[in-house]
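Asker: Pasting a predicted model and its sequence here:
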Amino acid sequence: MATPTKVEFDVQMTCQSCASAVENALKGAEGVHSFSIDLPTEQVVVETTLPSAKVQELLESTGRRAVIKGMGQAHLGAAVSQMSGFGRSAVQGVVRFVQLSEKKVAIEGTIDGLTPGLHGLAVHELGDLSQGCDSCGDHFNPTNSCHGGPGDQERHVGDLGNVLADARGRAEFRMEDERLKVWDIIGRSLVVHSGKDDLGKGKDASSKQDGSAGPGLACGIVARSAGLFQNPKKICTCDGVSLWDERDVPLAGPGRRQQCSL
């Protein structure tokens with residue numbers, strides 16, 4: 001059974017009818033276990049087994065903007081990887097890691113620009129993007145094990161299996177893992193691959209090494225992120241962009257002086 005995660009959002013709410021609209025959007029929604037709404041602080045905390053992007057869609061179905069502020073339990077740790085494609089790849093996404101307990105981590109995210117179908121996802125040992133995904137190294141494998149799937153007894157710690165992209169090229173997913181630990185992967189990288197990971201079940205020798213999922217399409221360094229109630233940001237200190245407008249500004253380039261923390 002999936003373990004619910006608490007996710008903290010800031011939601012644009014200026015009146016009681018705003019709060020009522022948010023309540024109606026969340027009430028009875030499948031995968032939403034409980035929620036609390038604080039109108040004066042514009043804060044909504046949702047306990048859910050849904051990917052945070054799905055909850056954000058529910059909140060924004062009310063016509064109000066919602067921004068994720070934190071996840072999980074503050075003392076256990078959380079991390080995020082903002083993934084970008086290199087070269088001709090237009091794949092991009094955000095994947096979050098939340099330590100639910102000492103033994104279990106939740107991994108959830110959204111990746112866009114994929115071809116429909118299954119794509120291998122893995123934590124790699126190096127946080128080196130100097131040559132794109134080619135410089136991320138091998139799968140994170142501190143136990144020197146053979147490659148496998150998330151449910152296998154023997155596997156790389158970084159083996160996360162496959163994510164399924166729909167007809168739009170979007171993969172939305174949430175999984176739980178008892179091998180991966182947030183504190184072990186900070187500074188490493190997350191890579192989504194061009195093809196399906198065979199989970200170590202292939203016939204050739206490479207199957208036990210990396211699953212033959214093909215080259216990386218997009219990757220990102222795994223960085224520490226805010227846990228629940230740890231992110232008080234309303235204005236981005238690097239360029240003065242407001243919380244609500246931040247999504248409309250490029251993460252880097254001419255439209256922004258400096259990339260901001262997530």
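Answerer: In hand now; what should we look at?

Asker: Confirm that K54 sits in a helix.
Answerer: Yes - assessed with DSSP: H, G, I helix; E, B strand; the rest coil, K54 lies in a helix.

Asker: Against G151, how distant is it?
Answerer: Separation of K54 from G151 (Cβ to Cβ, to the nearest Å): 24 Å. For the C-beta atoms, the positions are set from N, CA and C on the backbone; glycine is no exception.

Asker: And the strands in this structure?
Answerer: Listed in chain order, the strands of the chain (DSSP state E) span 5-11, 32-38, 43-48, 66-71, 78-85, 92-99, 105-112, 117-124, 130-133, 159-165, 171-177, 189-193, 216-224.

Asker: picking up where we left off before, neighbour count: K54 and G151, which is higher?
Answerer: K54 (18 against 10; other Cβ atoms under 10 Å).

Asker: Might you report the residue contacts of that one?
Answerer: Neighbouring residues of K54 by Cβ atoms under 8 Å, 6 or more residues apart in numbering: G31, E172.

Asker: how near is it to H119?
Answerer: K54 is 19 Å from H119, by Cβ to Cβ.

Asker: try E8
Answerer: Using Cβ to Cβ, one gets 29 Å for the distance from E8 to H119.

Asker: Please apply the same query to I37.
Answerer: The gap separating I37 from H119 is 36 Å, by Cβ to Cβ.

Asker: how close does the residue nearest to V98 when sequence neighbours are not counted get to D134?
Answerer: Excluding its sequence neighbours, the residue lying closest to V98 (Cβ to Cβ, 6 or more residues apart in numbering) is G72, at 3.6 Å. According to Cβ to Cβ, G72 and D134 sit 32 Å apart.
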